[in-house]
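Q: have a look; sequence and predicted model below, questions after that.
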Amino acid sequence: MSGFLGAFKTRKPKQFNFVSRYYDEKKERLQRAESRIQRQIEFQKSNADSPDGFRNERVQFNWQRTDRLAQQKKSNQRILIIIGILAAIVYVALQYV
């Protein structure tokens, strides 16, 4: 008999936990700046013996920048070569038309 009456009972709705989040852009930016400054302070402390600690960091950054510029120059050269080849093909094709 209880099985028959149980068929008419409504089920309880499913429960869920929704944790609302609040994003504060200013706070996020401030935290990133603080962590960057903290890393710089730690770097200064670790390179306290060498007076050119930051100079080495700048040189490394310039090397990376120079490497990037060299790669960009090579890429531009390849594009110019491809454009030249395509222009020559179009020129030859138009001569025979």
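A: Thanks, I have it. Numbering: from 1, shown residues only.

Q: distance of the most centrally placed residue in the chain from residue 90?
A: Nearest to the geometric centre of the chain sits residue 32, at 14.8 Å (Cα atoms, centre = their mean). Residue 32 sits at a distance of 51 Å from residue 90 (criterion: Cβ to Cβ, to the nearest Å). Every residue, glycine included, has its C-beta placed from N, CA and C.

Q: after the lowest-mean-pLDDT helix or strand in the chain comes which helix or strand?
A: For the chain, counting by mean pLDDT, DSSP states H and E, helix 2-6 ranks last in confidence among helices and strands (a mean of 57). Using DSSP states H and E, the helix or strand that follows helix 2-6 in sequence is helix 25-46.

Q: pLDDT averaged over the helix or strand hosting residue 82 - what is it?
A: Here residue 82 is covered by helix 53-95, with elements defined by DSSP H and E. For helix 53-95, the mean pLDDT works out to 81.

Q: for residue 43, grab the count of nearby residues.
A: 14 (other Cβ atoms under 10 Å).

Q: give me the distance between the residue nearest to the centre of the chain and residue 14.
A: Relative to residue 14, and taking Cβ to Cβ, residue 32 is found at 39 Å.

Q: again, but for residue 30
A: In this structure, residue 30 and residue 14 are separated by 39 Å, where distance is defined by Cβ to Cβ.

Q: what about these two, which has more around it?
A: residue 30 (11 against 5).

Q: tell me the pLDDT at the more buried one?
A: According to the model's per-residue confidence, residue 30 sits at a pLDDT of 93.

Q: can you offset everything so residue one is 51?
A: Sure, I'll start counting at 51 from here, so that last one is residue 80.

Q: separation between it and residue 71?
A: Taken as Cβ to Cβ, the span from residue 80 to residue 71 is 18 Å.
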